[in-house]
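In: generate a structure from the sequence data that follows.
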Amino acid sequence: QGWAAGSLHATSSSAVPQCLAAMARALLAPARRCSARGTRLESPALRILAVAPLSSAPLTVHSGSAGFHSSTDRAIAAAHLVDADWRARVAAALTAVAATAALTASTASPSARGSGTTARCETAASIGGEQLPPIVDALPSSIAATVAAGVRLYQFESCPFCRKVRSCLDYHKVPYEIIEVNPLGKAETKPIAPDYKKVPILQVGTSEGQSVQLRDSKTIVHALLGDRNPGVAPRVPSPESTPSTSKMWPPKDGEVSGSVEAQWIRWTDLVLVQCVVLNVYRTMSESAETFSYLLTHPSFPWYAQRAAATSGTVVMWGVAKSRKKKYGVTDERAALYEAVDAFADAVKAGGGSFLGGDRPGTVDFNVFGILRSMESCQSERDMLEHCQKILPWYAAMRLAVGPSCAVNADAVQRGSKG
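Out: The predicted model follows:
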């Protein structure tokens, strides 16, 4: 599952196939009963060619450009596999290929994340005769009215976009339940959003006994703040590039118009998220540290914990390597420190405790949530040690947001002790 999950069309990194090939050899070692000419498996998303004997022969793994369309059964049948254990391994791996795409979707660049996340309001659909919660872009008239009815956040624990939403929910002191989504299947979201492959999703109960859902972190944060969003302080400057982030900002399309607040919101996705991804998945050990929470999650069986943690570690390490090359970053930590310091300078220029002035606004929650996605990881410890200018704002945000209001916030353990 680990090696197959990395062979995604979402990334073209050469580092991923190289690492996965090594993992594949180890996984395939027991499967020696293949023909003298080798075993071949092809699909639009994954092509594996192994030449016997598997323990010593070269193995190549290629990423295809199209999505995975063939069924597992047809793909295995086409491979003419003779070993039952090998067939079972491939079946599990092919399932992981499609499911693990969610890992990269949540941290993809905004251009890749694209149009599927725009806020909208739709009439309720149904599946299997059961009504699905309608998609909305605004909450019921009062946040307080939703507390008794129940609030659920479908998330990945280490996802920066999900942590934006959590920081805003905590700020409003809204009790909510975290529903951790298993990236290798996403069974948790299928009952309410079978057509949507990303997180976060916020499900909110209404006073009428019904529920609605909001998708995409920007939409959810905007809905939670509503008319209480202060924007940014008048003296806050527009974001600028730094030596290590010059290929991230200004954006390639040259579009830096709009309000200063809108520019900073876009900056958080184009620059800060990318810097976090480059750092928390910088090395295989740091990537494993980021995904270690899956090994402690009580709702996942042990084999699901390890499958998701292993595949996530490898896939996102490969993604980080690909983006490092794409953005021409030579020192991941330097890029993160420069971005964080640039934001701290903007807060100082605004003259308040927050970019929003005297109280946090949308940009503050975006930045805080993104940085909190590094919680208890080495990247966070290094940032707090080297970025002294961010500490007053960071402390003010932690005080404003307060402790987690998630009723099951302690269900998993993040990162490692430093």
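
In: neighbours of E240, how many?
Out: 14 (other Cβ atoms under 10 Å). For the C-beta atoms, the positions are set from N, CA and C on the backbone; glycine is no exception.

In: show the pLDDT at it.
Out: Model confidence at E240, expressed as pLDDT, equals 95.

In: so F291 makes contact with V315?
Out: No - at 9.7 Å, F291 does not count as touching V315 under the criterion of Cβ atoms under 8 Å.

In: look at these two and report which has more neighbours.
Out: Using other Cβ under 10 Å, the more surrounded residue of F291 and V315 is V315, with 31 against 26.

In: so that one: helix, strand or coil?
Out: Secondary structure, DSSP: H, G, I helix; E, B strand; the rest coil: V315 is helix.

In: what does the model give it for pLDDT?
Out: 96.

In: now do K252
Out: pLDDT, read off for K252, is 79.

In: for it, the count of nearby residues, please.
Out: By other Cβ under 10 Å, the residues close to K252 number 10.

In: distance check, it against R381.
Out: Taking Cβ to Cβ, to the nearest Å as the measure, K252 and R381 are separated by 33 Å.

In: likewise A411?
Out: 23 Å.

In: in the stretch 151-300 of the chain, which spans are helices?
Out: Secondary structure of the stretch 151-300 of the chain (DSSP state H, counting those that start in this stretch): helices at 160-171, 217-225, 260-267, 273-280, 284-291.

In: which of those sits closest to K324?
Out: helix 273-280 (5.8 Å; Cβ to Cβ).

In: enumerate every residue touching K389.
Out: V340, D341, A344, D345, K348 (Cβ atoms under 8 Å, 6 or more residues apart in numbering).

In: can I take it that it is in a helix?
Out: Yes - assessed by three-state DSSP, K389 belongs to a helix.

In: what would the helices of the stretch 151-300 of the chain look like in JSON lines with distance to G357 and mean pLDDT?
Out: Below are those laid out as JSON lines (distance: least, Cβ to Cβ, whole Å; pLDDT from 0 to 100):
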{"stretch": "helix 160-171", "distance to G357": "15", "mean pLDDT": "97"}
{"stretch": "helix 217-225", "distance to G357": "14", "mean pLDDT": "94"}
{"stretch": "helix 260-267", "distance to G357": "12", "mean pLDDT": "96"}
{"stretch": "helix 273-280", "distance to G357": "24", "mean pLDDT": "98"}
{"stretch": "helix 284-291", "distance to G357": "33", "mean pLDDT": "96"}
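
In: I'd like these laid out as a markdown table, including distance to G328.
Out: Below are the helices of the stretch 151-300 of the chain laid out as a markdown table (distance: least, Cβ to Cβ, whole Å):
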| stretch | distance to G328 |
| --- | --- |
| helix 160-171 | 22 |
| helix 217-225 | 27 |
| helix 260-267 | 18 |
| helix 273-280 | 12 |
| helix 284-291 | 21 |
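
In: wait, which of the ones you listed is closest to G402?
Out: helix 160-171 (5.8 Å).

In: all the helices of the stretch 301-418 of the chain, in order from the start?
Out: Going by DSSP H, counting those that start in this stretch, the stretch 301-418 of the chain shows helices at 302-326, 332-350, 362-372, 378-386, 391-401.

In: nearest to N366, out of the helices of the stretch 151-300 of the chain?
Out: Among those, helix 160-171 sits nearest to N366 (Cβ to Cβ), with 5.3 Å.

In: buried ones in the closest one?
Out: P160, F161, C162, R163, K164, V165, R166, S167, C168, L169, D170, Y171 (16 or more other Cβ atoms under 10 Å).

In: repeat that for stretch 297-308.
Out: Buried residues in stretch 297-308 (16+ other Cβ under 10 Å): H297, F300, A304, Q305, A307, A308.
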